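>>> pasted the sequence and its predicted model underneath.
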Amino acid sequence: MINYIFRRIGYMMVTLAIIAVLGYLIVELPPGSYLEFEIARLRQQGGNVSQDQIKALEIRYGLNDPTYVRFFKWITGFVRGDFGESFQYRQEVKDLIGQRLAFTISISVFSLLLAWGIAVPVGVYSATHRNTIPDYIITVIQFLGLSIPSFLVALVLMVVAQRVFGQQVGGLFSDEFQNAPWSFARFIDLLKHLWIPIVVIAFGSTAGLSRIMRANLLDVLGMQYVQTARSKGLKENKVIWKHAVKNAMHPLIMILGGSLPGIISGETVVAIVMNIPTVGPMYFNAQLNQDLYLAATFLMFLSILGVLGNLLADIALAWVDPRIRFE
Amino acid sequence: MTESVNPEAQMNEVNPEPQYEVFDDPVSDVGDLSQWQLMRIRFSKNKLAMLGLWGMIVIYIIVFLGEFIAPNWYQYQNGDYIFGPPSKITFIGPDGRFSLRPYVFATTTQLNQETFKFEFTEDRTKKIPVKFFVQGDPVSVLGFKTNLHLFGLEGGQRFYVMGADGLGRDMFARILVGGQISTTVGLIGVAMSIMLGAVLGTASGYFGGIVDDMMQRAIEVLGAFPQIPLWAALASALPPISKDFTVVHRYFLITLVLSVVSWTGLARQLRAKVMSYRNADFTQAALAAGSTDWRIVLTHMIPNGASHIIVIGALSIPGMILGETSLSFLGLGILPPAVSWGALLRDAQQVSVVVQHPWLLIPAAAVLITVLLFSLLGDGLRDAVDPYSI
């Protein structure tokens, strides 16, 4: 087992190295550079930009170096924890992303937990009560959840909240706490706002997960060992939860590994709609504005999250299913 | 299945008067029906799936005849009807009696000098009948130029079923015409990603070894990339919009590039399937008979996986529609002047605007219904191709 985990971590490093190169290339792919935006902005403000100024900016941002030199400067810095400087904010990338990354991770993890906490019991219920009225109702809700993108759920929720309750929904803090230092009251205020995006993001994945849970459990319930368990007189509860559900969970755990990048993408659009200060919207702007090091660092962190999710899912699967061999 | 039929056929030769059992249920008549016929029967028994199929056909017809069905041209800007609400319909005729013909009230527009907003007042006494096949804006329907519309008001009056947007354009017409892009632009991307997934998945499952290892790594790398950032990068890397390079071209290119990323799901599933076929008796028999690898892949592996490939294709179309919606909503996909559901929803981005003009959210309902029908269709297909169901 330990061996298996180490080998998987080795694979992960290779994958991350490839992602670093590809990701950096993608970030640099759009034509033009931030410098051109900057010069246009300076010109717009009325000042004429002299050649000397342009040279100084080029040297400062290393824009004269070939791409691979810039890449090595960035990646060696990245490994040491120095992510470079954002052009746009004139700040260290490190200082910019810390809190946002924390919000992203907590929103993603909590929505995953919520989605799983609802999806598994609902899936089990609708599989064991197949073709009853509650099952049909659940199926309809599941299809609705799969058919509506989460940003639309967010939009409708915000419109309804404002029209019916006259309440502004969005952001993570009330106005009075926006720039206040951390305190218990601010934390409570955060919790009051945080649950809405979590519910919105969890909604879609709950529908998908419970659908898969239902299908898997129906497959497993038809197997002979379930019949054996029943015929030897086990209580139905034990048959379902101990014998059937445990085996029906395996595909779900495999999906868990791949679901993090999807949740982060969905979260990006929801965060833009609801004005939540997570990684998504800032990355999105950084990419559009050619803020090279900020965008590359974000992409790298999001990919690390994705790869880590895969690793954890594989380990969890090996732990749940002893038949998986570690050769 | 063929193996189980053969001994029966031999028995028939021995027994001069074979006794057949007659089944009412056509599915039980396994020996007489091909795999594809069985699938069709199973599919047509699934009511929800049939609803999805017919619903989709109806939606495609409505959307492509959209210019004819809607009473106004989708680009016509009515300066007097900016953010105008949906026209109210009544079935009480001017004579005060119920009639089957719907009527709408004549509306007048006034600019409120204090709020600088248009205010619409209905003249409850003036009722205008809605008629079929009326003359209206000249439009082109599937390439044919006409000024005939399915329904509308006579005498140059305008009828807004779903209200008007910020430029006074008919939302109903825009939703129908927007559907033309939304329901088709993803299809080619899906086709591409299915092709890639089928070829690469089969190859890595069949050959194994280094090919398989390489593909596993590639899938892992692609799977770890969050998609939205990738779209953002690609969208900003594409050339600017010009006369030769329209918005739709641009979006088409993005879907093509995205199909390079999205083939991994199908490839992974096909790989597992092909691996199990690889050890099946029929493959061993083909190898023993001297078949080449190509022949085995083309005549044994691909046909066995075909149903699975079709199902994955059907199930990924709703995803493509949702993808278009999110991207256009963010301003990365279809951009004005082209219309699509996502581009229409972009007008609904400001909550304060939507709160005052809720009909701007109607395109969301179009997305919801279409994706729902496509999902029902794909789900029904999946059940139909599964030989163990029913």
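Ah, there it is.
>>> chain A contacts on the stretch 201-350 of chain B?
Contacts of the stretch 201-350 of chain B with chain A, taken as CB under 8 Å from any CB of the partner chain, map to B:217, B:220-221, B:223-230, B:232-234, B:236-237, B:318, B:322, B:325-326, B:329-330, B:345, B:348-349. Any C-beta I mention is one placed from the backbone N, CA and C, and that applies to glycine too.
>>> swap the cut-off to 6 Å and go again
B:220-221, B:223-224, B:226-229, B:232-233, B:236-237, B:322, B:325-326 (CB under 6 Å from any CB of the partner chain).
>>> could you chop chain B up by domain?
B:87-159, B:173-385 (automatic domain parsing).
>>> in CSV: those domains, plus distance to A:Gly145, mean neighbour count and mean pLDDT.
Converted to CSV, these look like this (distance: least, CB to CB, whole Å; neighbours: other CB atoms under 10 Å in any protein chain shown; pLDDT from 0 to 100):
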stretch, distance to A:Gly145, mean neighbour count, mean pLDDT
domain B:87-159, 32, 13, 78
domain B:173-385, 10, 19, 82
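>>> angles on the backbone of the closest residue in space to B:Thr246 that isn't next to it in sequence, please.
In this structure, B:Thr246 finds its nearest non-sequential neighbour in B:Ala338, 7.2 Å apart by CB to CB, 6 or more residues apart in numbering or on different chains. The phi/psi pair for B:Ala338 (degrees, to the nearest 10) reads phi -70, psi 150.
>>> just to revisit the earlier point, closest to A:Met12 out of the domains of chain B?
domain B:173-385 (8.6 Å; CB to CB).
>>> tell me the gap between the closest one and the middle of its chain.
The chain centre lies 11 Å from the centre of domain B:173-385; the measure is CA atoms, centre = their mean, to the nearest Å.
>>> what's the most distant pair in the residues of the stretch 201-350 of chain B next to chain A?
B:Glu220 and B:Thr325 (28.4 Å).
>>> next structured bit after the biggest helix by length in chain A?
The longest helix of chain A (DSSP state H) is helix A:184-221. Once the chain leaves helix A:184-221, the next helix or strand it forms, by DSSP states H and E, is helix A:224-231.
>>> buried residues, that following helix. List them.
Using 16 or more other CB atoms under 10 Å in any protein chain shown as the test for burial, helix A:224-231 gives A:226, A:229-230.
>>> tell me which of the residues of the stretch 201-350 of chain B next to chain A fall in strands.
The strands, defined by DSSP state E, take in nothing from those.
>>> give me the mean pLDDT for stretch A:233-244.
Mean pLDDT, computed over stretch A:233-244, is 87.
>>> now do it: everything it contacts.
For stretch A:233-244, the surrounding residues in contact (CB atoms under 6 Å, 6 or more residues apart in numbering or on different chains) are A:220-221, A:226, A:229-230.
>>> again, but for stretch B:332-341
Here stretch B:332-341 has contacts from B:174, B:177-178, B:181-182, B:231, B:235, B:247-248, B:251, B:324-325, B:327-328, B:342-343, B:363, B:366-367, using CB under 6 Å, 6+ apart.
>>> export the contacts of stretch A:233-244 to JSON lines and tack on pLDDT and distance to chain B?
Formatted as JSON lines, those follow (pLDDT from 0 to 100; distance: CB to the nearest CB, whole Å):
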{"residue": "A:Val220", "pLDDT": "85", "distance to chain B": "13"}
{"residue": "A:Leu221", "pLDDT": "85", "distance to chain B": "13"}
{"residue": "A:Val226", "pLDDT": "88", "distance to chain B": "15"}
{"residue": "A:Ala229", "pLDDT": "89", "distance to chain B": "21"}
{"residue": "A:Arg230", "pLDDT": "89", "distance to chain B": "20"}
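>>> just to revisit the earlier point, tell me how far the residue nearest to B:Thr246 lies from B:Phe252.
Per CB to CB, to the nearest Å, B:Ala338 is found 12 Å from B:Phe252.
>>> nothing else from me, thank you.
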